[in-house]
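1. I need the structure of the sequence given here:
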Amino acid sequence: MPAASALTLVNEFNGHLAFKMYAFENASLFDHIQRHNYFSVLWIKTGSGKLRINFSEYDLAEETLIFSAPYEPFMISAGKGEAPLTGKAIHFHPDFFCVLKHQREINSNGILFNN
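-> The predicted model follows:
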């Protein structure tokens, strides 16, 4: 589970996740298929393992950034006998920045910018 110090912002209009940031101390949060309706940015600070994304597998090492788009399935497994994967995670819904609904407009009406 994410640490108690997770920062979470919920969309007050629909109750869904708008933004979340937390630290993780092992890969257990990501050791099964992740497929969410929000963007994810993961910073692997320490440890090594494997990333499975887009039907491909990649080696993970320290100081690696991982980006995934909404509904893009991915999974992380820690290396056997290696130091645990630790890092930071940021998840945010497209409505957080009004990036999809209001691409062509200057007037923003979303979670972060609400005119």
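
2. helix, strand, or coil at the most centrally placed residue in the chain?
-> In the chain, the residue lying closest to the centroid (Cα atoms, centre = their mean) is residue 40, at 2.4 Å. Under DSSP: H, G, I helix; E, B strand; the rest coil, the three-state class of residue 40 is strand.

3. wait, isn't it in contact with residue 90?
-> Yes - using Cβ atoms under 8 Å, residue 40 is in contact with residue 90, at 7.2 Å. Yep, even glycine has a C-beta here, placed from its N, CA and C like the rest.

4. show me what contacts the nearest residue to the residue nearest to the centre of the chain once chain neighbours are set aside?
-> Residue nearest to residue 40 in three dimensions, not counting chain neighbours: residue 68, with 4.6 Å by Cβ to Cβ, 6 or more residues apart in numbering. Neighbouring residues of residue 68 by Cβ atoms under 8 Å, 6 or more residues apart in numbering: 34, 39, 40, 53, 74.

5. how far away is residue 68 from residue 32?
-> Going from residue 68 to residue 32 by Cβ to Cβ, to the nearest Å gives 14 Å.

6. just residue 52 next, same as before
-> Distance, residue 52 to residue 32, by Cβ to Cβ: 11 Å.

7. and those two? Which one has more around it.
-> residue 52 (15 against 9; other Cβ atoms under 10 Å).
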